[in-house]
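> got a sequence here, can you build the structure:
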Amino acid sequence: AFSSGRNSPCPCLLEMEPYVDRLVHIVTNDGRNILGRLRGFDQTTNIILEQCHERVFSMEEGVQQVPLGLYIVRGDNIALVGEVDERIEDQIDLMQIRAEPLKPILHGVF
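Got it, this is the predicted structure:
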């Protein structure tokens, strides 16, 4: 069962509570960048995002935004969750940014 995070019985999830109803940026283990409003999560840190989109980085075309709408990200695929400062976010011209896509995380490979 998903929770809005409020009154969570698991102490490890207390760190997620301040992000509920806020714009967050998630980086997945396979290198995807997903932004959306955090609506809920469960005990395995599966996350529900609303009004979300994926940012696809490119050295040639700037940053493309792919609409995803309501979206669930599996907890075992999340590398990072961070709050987005919406005032700064609104000032960024994504078409001017050039960057290589993130590479997937490799566990145990050196």
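> name the helix or strand for Glu50, please.
For Glu50, the host element (DSSP states H and E) is strand 47-56.
> pull the residues that contact that strand.
Residues from elsewhere that reach strand 47-56 (Cβ atoms under 8 Å, 6 or more residues apart in numbering): 2, 24, 26, 32-41, 63-73, 75, 78, 81, 94, 101. C-beta here means a position set from N, CA and C on the backbone, and glycine is covered the same way.
> now stretch 90-99
Arg55, Phe57, Ser58, Met59, Glu60, Gly62, Val63, Gln65.
> which one of those is nearest Asp85?
Taking Cβ to Cβ as the measure, Arg55 is the one of the contacts of stretch 90-99 closest to Asp85, at 15.7 Å.
> how near is that closest one to Val27?
Counting by Cβ to Cβ, to the nearest Å, the separation of Arg55 from Val27 is 10 Å.
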